[in-house]
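[1] pasting the sequence and the predicted coordinates here, then a few questions.
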Amino acid sequence: MGEQGVIEPIPGQPGLFRDPANPNVIINIRDFREGDKYDSVVVPTGSQTAGTEFTFFNNLQGKTLMDKNINTPTKLSAGESMILDRIGLYIRSSTGISFPSPQDYKSLVDNAYYRLNINGLLQDEGPAIKFPSGYGLYGSTQESGQGIVSIGVPATASASRLIRKQLLNQNHEISATLTFMKRDWLLSTVGGPFPSAASTQASIVVQTSGATPANCGIVVVNLLHGLIRTASTK
């Protein structure tokens with residue numbers, strides 16, 4: 001696998017970058033379009049057992065463009081490259097007739113831990129609340145038991161960016177996980193305020209409209225935002 005690249009701007013030449021790993025190659029960002037590569041996972045209803053992990057960009061079977069826009073597990077397509085600028089998570093406010101309640105958003109973003117690795121190297125990690133996508137609905141609602149909730153302000157300018165942009169291509173392996181961890185330090189047996197492990201577990205309780213789907217769960221989308229270049233020919 002190719003090494004991960006951190007591109008650097010060329011002084012005095014706006015729009016041109018150099019990959020230190022390939023100093024003879026000049027990258028012209030005018031060849032790129034701004035966009036996202038994304039994949040989705042489903043967090044099922046009920047309590048989330050400590051240690052449960054959900055993996056993005058790996059299992060693509062049966063997913064449509066509503067769920068993912070990569071064709072090869074863990075990799076960009078042949079001839080495709082990307083300047084990664086921002087990492088975000090988005091919780092779908094509706095999937096068919098399933099409507100996560102505000103408590104579902106809170107349970108997920110305040111209890112799940114996100115990690116992104118590229119070629120086995122850690123890029124960023126932290127509680128899910130740390131990774132706003134800049135996308136989402138905003139406003140008020142009069143639905144019973146519902147509210148419009150998003151991670152941060154739904155404006156891309158408000159989403160944090162990587163300190164150093166990363167250059168990715170088909171030789172880079174992308175691995176991202178969302179994990180619900182054990183938090184035994186909170187339990188009363190060790191001086192914490194919570195009486196049992198069950199009381200520290202996140203719980204997803206999706207509301208529905210009309211017929212109740214079986215084990216509906218909520219859909220979480222991991223978006224990798226940046227400048228994307230696709231091969232002009234195949």
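    The structure has been received and is ready for your questions. Numbering: from 1, shown residues only.

[2] which residues in the protein form helices?
    Listed in chain order, the helices of the chain (DSSP state H) span 102-109.

[3] distance of L162 from D85?
    6 Å (C-beta to C-beta, to the nearest Å). For the C-beta atoms, the positions are set from N, CA and C on the backbone; glycine is no exception.

[4] now I26: how far from L89?
    In terms of C-beta to C-beta, I26 sits 34 Å off from L89.

[5] who has more neighbours out of those two?
    L89 (23 against 12; other C-beta atoms under 10 Å).

[6] so what's the more buried one up against?
    When the contact criterion is C-beta atoms under 8 Å, 6 or more residues apart in numbering, the partners of L89 are 109, 114, 128, 131-133, 151, 178, 220-223.

[7] how close does it get to T45?
    L89 is 19 Å from T45, by C-beta to C-beta.

[8] skipping adjacent residues, who's closest to S196 in space?
    Spatial nearest neighbour of S196, excluding adjacent residues (C-beta to C-beta, 6 or more residues apart in numbering): L187 at 7.0 Å.

[9] give me the beta-bridge partners of the one you found?
    Taking DSSP bridges as the rule, L187 bridges to F194.

[10] please name the nearest non-neighbouring residue to L122.
    R115 (6.9 Å).

[11] let me see the contact set for that neighbour.
    R115 neighbours (C-beta under 8 Å, 6+ apart): 122, 124-125, 176-177, 179.

[12] what of G192?
    Per C-beta under 8 Å, 6+ apart, neighbours of G192: 185-186.

[13] state the pLDDT value of I91.
    On the pLDDT scale, I91 is placed at 94.

[14] which residues does it contact?
    Contacts for I91 (C-beta under 8 Å, 6+ apart) come out as 100, 104-105, 108-109, 149-151, 218-221.

[15] same question, I10
    16-18, 26.

[16] from K68, how far off is the closest residue to W185 other than its chain neighbours?
    Leaving aside its sequence neighbours, W185 sits nearest to G192 (C-beta to C-beta, 6+ apart; 6.0 Å). For G192, the distance to K68 equals 39 Å [C-beta to C-beta].

[17] K106 too?
    26 Å.

[18] repeat for T230
    16 Å.

[19] between those two, which has more neighbouring residues?
    K68 (18 against 15).

[20] was I right about R161 contacting I87?
    No: applying C-beta atoms under 8 Å as the test, R161 and I87 come out as separate, 9.0 Å apart.

[21] which of the two has more neighbours?
    With neighbours defined as other C-beta under 10 Å, R161 and I87 compare such that I87 has more, 24 against 14.

[22] surely the more buried one touches L162?
    Yes: contact criterion C-beta under 8 Å: I87 and L162 qualify, at 7.2 Å.

[23] from V220, how far off is A112?
    A112 is 8 Å from V220, by C-beta to C-beta.

[24] overlap in contacts, these two.
    In contact with both A112 and V220: 43, 178, using C-beta under 8 Å, 6+ apart.

[25] quick check: bridge partners of F54?
    L178.

[26] excluding chain neighbours, what is closest to I83?
    That would be L227: by C-beta to C-beta, 6+ apart, it lies 4.3 Å from I83.

[27] state the pLDDT value of that neighbour.
    Value listed for L227 in the pLDDT field: 90.

[28] just H172 next, same as before
    95.

[29] ok, how many other residues are close to it?
    For H172, using other C-beta under 10 Å, the count is 22.
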